[in-house]
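Enquirer: let me see the structure of the following:
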Amino acid sequence: MMNFIAKIRNGEIIPEQPLIVSDKLKSFHDKEVEITIKKTNSRTTPQNRYYWGVVVHMVTERFKELGYTKTDIYDSTVSAPLTRTDVHEFLRNEFLNDDLIDKEGELIGTLSKSTTSLSTDEFVKYLDNIRDWGVISLDIEIPDPEIKILYNIEVKNK
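Expert: Have a look, this model is predicted:
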């Protein structure tokens with residue numbers, strides 16, 4: 001069985017990772033296969049990479065610069081250095097909470113959604129909220145995922 005994410009553009013299937021898909025398709029040479037196409041709503045691999053590699057990383061580094069530990073963002077008795085997973089949980093709890101209301105309309109608690117359950121559009125809104133919060137609360141500007149960052153590297157000969 002083979003699953004992969006692709007876009008359909010002008011009637012063509014364009015895989016997110018074309019080389020890997022091409023290699024895997026070779027294993028089905030001269031075989032009859034059933035192909036099912038369904039719309040995916042979950043976040044994409046590039047969104048996930050941007051989230052963990054840029055957003056969570058930058059927030060983690062800023063928290064560390066400010067001297068935060070686990071006890072500062074959790075109800076934890078253990079004062080330990082923050083990890084990216086800690087920061088992910090903090091962001092999820094901060095920006096993906098839903099109120100739980102009973103039949104009488106009383107608030108009985110909150111529930112944090114999983115980021116993996118978000119559609120691509122919901123995930124974009126989640127990222128935008130974090131980026132806005134980062135500017136206001138942490139004084140950091142998390143770059144837009146669509147903007148390419150250019151590095152000017154100078155090599156000096158000895």
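
Enquirer: would you map out the domains in this protein?
Expert: Per automatic domain parsing, the domain ranges recorded for the chain read 1-39, 45-138.

Enquirer: burial of Ile5, as a residue count?
Expert: 13 (other CB atoms under 10 Å). Placement of C-beta: from N, CA and C, glycine included.

Enquirer: got the contact list for it?
Expert: Residues in contact with Ile5, defined by CB atoms under 8 Å, 6 or more residues apart in numbering, are 15-16, 40, 44-45.

Enquirer: for Pro145, find the nearest of the domains of the chain.
Expert: domain 45-138 (4.5 Å; CB to CB).

Enquirer: pull the distance from the closest one to the chain's centre.
Expert: 11 Å (CA atoms, centre = their mean, to the nearest Å).

Enquirer: endpoint to endpoint, that domain covers what distance?
Expert: 27 Å (CA to CA, to the nearest Å).

Enquirer: follow-up on the earlier one: now, the contacts of Ile5 that are in strands?
Expert: Pro15 (DSSP state E).

Enquirer: export the domains of the chain as a markdown table, with columns for distance to Asp144 and mean pLDDT.
Expert: What follows is the domains of the chain, written out as a markdown table (distance: least, CB to CB, whole Å; pLDDT from 0 to 100):
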| stretch | distance to Asp144 | mean pLDDT |
| --- | --- | --- |
| domain 1-39 | 20 | 81 |
| domain 45-138 | 8 | 86 |
